[in-house]
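Novice: I would like the atomic coordinates for the input below:
(chains A and B)
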Amino acid sequence: MKAPSLGSWFGRSGLSTPTDIESASLRSDRFRLKREGDWQRLEGIVKRMEGGGLRKISDEDLLALPTLYRTAASSLSVARETSLDAATLSYLESLVQRAWFQVYGPRKGFFAWMREFLFGGWSRAVREIWLDICIALFVMVAGAVVGWLLVAQDEEWFYRLVPSGMAQGRVPGASRETLMETLAVEESTGGLSAFAASLFANNAGVCILAFALGFAFGVPSMLLLIYNMAMLGALVWLFADAGLGVEIAAWLSVHGTTELFGILLAGAAGLHIGRNMAFPADRSVLDAAAISGRRSAVVMVGVVIMMIVAGLLEAFPRQLVEGTTGRFAIGGTFLVFWLTYFFLYIPKPIETADDDGHAEQTA
Amino acid sequence: MSEAKANDHTDKRKRELVTPEGIAVPVTIASRGSRLGALVLDFIILVVALNVIEIIIALVTRGTLVDGPVGEEAAISGATEFLVVVRLIIAFVVWYGYFLVQELGPRGATLGKRAVGIRVAARGGGRLTPEAIIARNLLRDIEIFYPLIFLFGTLIFSALGWDPGNYYWAALLWFFVFLGFPFFNKDAMRAGDVIAGTWVVEAPRTKLADALSTQGAAAKGSSEVTGARYEFGEEELSIYGEHELQTLERMLREAQPDTLAAVHETICRKIGWDPGAGDERAFLEAFYAQLRAKLEGDMRFGVRKADKFS
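Specialist: Numbers count the residues shown, from 1 in each chain, chains lettered A, B, ... in the order given. Okay, the predicted model is just below:
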């Protein structure tokens, strides 16, 4: 138990004191009656803050908040040692806790956080997990190669890797024309925006899964990456076998550079957590999990944004833009954009020492 | 003794956060039961809200289809398609936004959590950040909703005559590993809390009750009804301890006259007085004030008596 700062509450005993203090026969109740005005003022401020943010609070009250909070906190530690009034003790405990949550509440609103996120926070978080990105990239490439090789050796593997619902006529033995048709453009935009939205929902789901499974030391995340990439490898083999290698690459690249990049980041974010929990260095496992988890969460918000972009690209340009060159141009542009944004765009952090700065203000 | 046992359970959940100024803030970890209750409430609210949105959209759509130009098929399909997109986006935003926006708010709790009186807090006394809230909510899906969908999907398929095989066990295992997670750590954290560095604590909103020693016989020392003064000696006041004092306080604040009469009789017998009738409240107020004065006096000299057994 910390010693309360005696001066602060003796100093304010001369302030407005309710008239009935002397009627209290107990010393601890007199202590309480002297201070309950301050407590109730604090409770009023905290209640308004909980109700609807800072706008309803006057400047005067806002300035008084840290002082009132510390008065209440030291009252609590004094009361614990001198009073047996259970009602007052539980009131003070709840008051101090509520005030603490407001004094140390989230400092940024959602929009301020989003701005910080887009202009630096996101790319910084991505750079911080570079090692995991490298590992995930290796795993993804290996998965695609494995898929290719398996199907190249035995076509039966294709049916095991690619669910029949997804194949849509893209099966071994299909004619070159049938395959070509699946890559063709649609004649109108009819149905495509719904298609985009469902693609987004599906892909975002896969990404969140890849991230969340990182919790099990990252192993399931990696398995998910391998499986998805093996499916892709099998598909690419099918087209390449029919002499459509370049066409499938162009068709995939339109949205693939964004989508696969997003899946890569999601897998890497999951792996980042798993790796930090498995090898926490000099931190406790829980601390390591929390630090890496928050960093990965930032990456994941970005991944959701990338999935929106990929869903739109998959539905519109990929189905509407014809010609290998045009498709490569779109895909390539996005790849360059993401790489530049993540690895070359390094703005100065908008604010540093988030927690310490505020602590100094209130201290 | 069941009350003492309950206190033990609450004490096990008590934690102390130390703020940057060095002030200890007491918190109580939320019980697993209340968290389950909050989750069920949130789930019900979400499902109801999504269904209401769905019904509104359906009503609006019917309006368009009836009033709109029937001849132009393209226009109708365009409108329907737009609605599909809107519905998917609404579902996504509502599903994640519900938790994110509310837990980032000043109360740090969803409607369900507020109803059961708990909130999210950063573990160890730091500041709750948007990153932490996002991280803990991204994991909720794989912890609860995916395995549930998996489980029910498997059940439906097996009911349709399809052999579920090991899927059934995989779903159950997945479900119970995450469901069991909060039971295997003392802070009742779920997997999302571990990743985010958060925990869920009780957020009591207690009103300040009146000071007992300013009212009735506790203040004046004599009864308003009979005018009798109750004075207790050293010996009579040294029977009970803090636990009994606080139980008596609760009784005086909320109990009915007949309960007070029973307490009055018990105390009289214990301290060797002859229990009278008609002036129980004044007697108990006086006894409470004098017992508290004695115990608090001892406390200032570092002597504490936890209950009547010590």
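Novice: Number of residues surrounding residue A:279?
Specialist: 10 (other C-beta atoms under 10 Å in any protein chain shown). Placement of C-beta: from N, CA and C, glycine included.
Novice: Look up the pLDDT of the residue of the stretch 151-300 of chain A found nearest chain B for me, please.
Specialist: Relative to chain B, the nearest point of the stretch 151-300 of chain A is residue A:290 (2.7 Å; C-beta to the nearest C-beta). pLDDT, residue A:290: 88.
Novice: Is it part of a helix or strand, or is it coil?
Specialist: Secondary structure, DSSP: H, G, I helix; E, B strand; the rest coil: residue A:290 is helix.
Novice: Show the contacting residues for it.
Specialist: Residues near residue A:290 by C-beta atoms under 8 Å, 6 or more residues apart in numbering or on different chains: B:123, B:132, B:194-197.
Novice: Give me the subset of these that lies in helices.
Specialist: Per DSSP state H, helices hold the following members of the contacts of residue A:290: B:132, B:194-196.
Novice: Which members of those are classed as buried?
Specialist: Using 16 or more other C-beta atoms under 10 Å in any protein chain shown as the burial test, the ones in helices among the contacts of residue A:290 include B:132, B:194-196 as buried.
Novice: In TSV, list these along with distance to residue A:348.
Specialist: TSV is the format used below for these (distance: C-beta to C-beta, whole Å):
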residue	distance to residue A:348
B:132	24
B:194	32
B:195	28
B:196	27
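Novice: Run through these and flag the ones next to chain A.
Specialist: By C-beta under 8 Å from any C-beta of the partner chain, the members of these lying near chain A are B:132, B:194-196.
Novice: can you tell if the strand or helix carrying residue A:63 touches chain B?
Specialist: Under the criterion of DSSP states H and E, residue A:63 resides in helix A:59-82. Yes - Helix A:59-82 is in contact with chain B by C-beta under 8 Å from any C-beta, via A:70, A:73-74, A:77, A:81-82.
Novice: What count of nearby residues applies to residue B:23?
Specialist: Residues lying near residue B:23 (other C-beta under 10 Å) number 20.
Novice: got a pLDDT number for it?
Specialist: 70.
Novice: contacting residues around it?
Specialist: Counting by C-beta under 8 Å, 6+ apart, residue B:23 touches A:2, A:70, A:73-74, A:77, A:96.
Novice: and what of residue B:298?
Specialist: For residue B:298, the contacting residues are B:304-305, by C-beta under 8 Å, 6+ apart.
Novice: one more time with 7 Å, if that's ok
Specialist: Contact analysis of residue B:298 by C-beta atoms under 7 Å, 6 or more residues apart in numbering or on different chains lists residue B:304.
Novice: Check residue B:264 too.
Specialist: B:275, B:280, B:283-284 are the contacts of residue B:264 under C-beta under 7 Å, 6+ apart.
Novice: Apply the buried test to those residues and list what passes.
Specialist: Buried, going by 16+ other C-beta under 10 Å: B:280, B:283-284, out of these.
Novice: Among the residues you listed, which ones are in helices?
Specialist: Per DSSP H, the buried ones among the contacts of residue B:264 map to helices at B:280, B:283-284.
Novice: quick one: residue B:25 is in a strand?
Specialist: Yes - assessed with three-state DSSP, residue B:25 lies in a strand.
Novice: how's chain A carved up into domains?
Specialist: A:6-103, A:111-344 (automatic domain parsing).
Novice: Now list the buried members of the contacts of residue B:23.
Specialist: The neighbour count (16+ other C-beta under 10 Å) marks A:70, A:73-74, A:77, A:96 as buried among the contacts of residue B:23.
Novice: between those residues, which is closest to residue A:120?
Specialist: The closest of the buried ones among the contacts of residue B:23 to residue A:120 turns out to be residue A:70 (C-beta to C-beta; 34.5 Å).
Novice: still on that earlier bit, tabulate the buried ones among the contacts of residue B:264 in CSV, adding columns for distance to chain A.
Specialist: As requested, the buried ones among the contacts of residue B:264 are exported to CSV (distance: C-beta to the nearest C-beta, whole Å):
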residue, distance to chain A
B:280, 20
B:283, 16
B:284, 15
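Novice: Format the residues you listed as TSV; extra columns: pLDDT.
Specialist: Below are the buried ones among the contacts of residue B:264 laid out as TSV (pLDDT from 0 to 100):
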residue	pLDDT
B:280	77
B:283	80
B:284	82
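Novice: Show me which of the residues you listed is closest to residue A:332.
Specialist: Comparing the buried ones among the contacts of residue B:264 against residue A:332 with C-beta to C-beta picks out residue B:284 as the nearest, at 85.0 Å.
Novice: What segments of the stretch 101-250 of chain B are strands?
Specialist: Remark: strands assigned in the stretch 101-250 of chain B by DSSP state E, counting those that start in this stretch are B:118-122, B:198-202.
Novice: what would the ones you listed look like in a markdown table with distance to chain A?
Specialist: Listed next are the strands of the stretch 101-250 of chain B as a markdown table, based on distance: least, C-beta to the nearest C-beta, whole Å:
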| stretch | distance to chain A |
| --- | --- |
| strand B:118-122 | 7 |
| strand B:198-202 | 8 |
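Novice: Dump these into JSON lines; add mean pLDDT, distance to residue B:249 and mean neighbour count as well.
Specialist: Converted to JSON lines, the strands of the stretch 101-250 of chain B look like this (pLDDT from 0 to 100; distance: least, C-beta to C-beta, whole Å; neighbours: other C-beta atoms under 10 Å in any protein chain shown):
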{"stretch": "strand B:118-122", "mean pLDDT": "90", "distance to residue B:249": "26", "mean neighbour count": "25"}
{"stretch": "strand B:198-202", "mean pLDDT": "90", "distance to residue B:249": "21", "mean neighbour count": "24"}
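Novice: Any chance of those in a markdown table with distance to residue B:294 as columns?
Specialist: Below are the strands of the stretch 101-250 of chain B laid out as a markdown table (distance: least, C-beta to C-beta, whole Å):
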| stretch | distance to residue B:294 |
| --- | --- |
| strand B:118-122 | 38 |
| strand B:198-202 | 32 |
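Novice: Out of those, which is closest to residue A:212?
Specialist: strand B:198-202 (15.7 Å).
Novice: Pull that closest one out as PDB, backbone CA atoms only.
Specialist: Provided in PDB are the C-alpha atoms of strand B:198-202 (Å, rounded to 0.1, in the frame of the first residue of the first chain):
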ATOM      1  CA  THR B 198      -6.300  -7.500 -22.500                       C
ATOM      2  CA  TRP B 199      -8.600  -9.000 -19.900                       C
ATOM      3  CA  VAL B 200     -12.200  -8.600 -18.900                       C
ATOM      4  CA  VAL B 201     -12.900  -7.100 -15.500                       C
ATOM      5  CA  GLU B 202     -15.900  -6.200 -13.500                       C
END
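Novice: coming back round to it: just name whatever secondary elements the helix holding residue A:63 is in contact with.
Specialist: In terms of contacts (3 or more C-beta pairs under 7 Å, 6 or more residues apart in numbering or on different chains; DSSP states H and E), helix A:59-82 is packed against helix A:6-11, helix A:27-52, helix A:86-103, helix B:280-300.
Novice: now do 10 Å
Specialist: Helices and strands touching helix A:59-82, as assessed by 3 or more C-beta pairs under 10 Å, 6 or more residues apart in numbering or on different chains; DSSP states H and E, comprise helix A:6-11, helix A:27-52, helix A:86-103, helix A:354-362, strand B:24-28, helix B:280-300.
Novice: Among those, which one carries the weakest average confidence?
Specialist: helix A:354-362 (a mean of 38).
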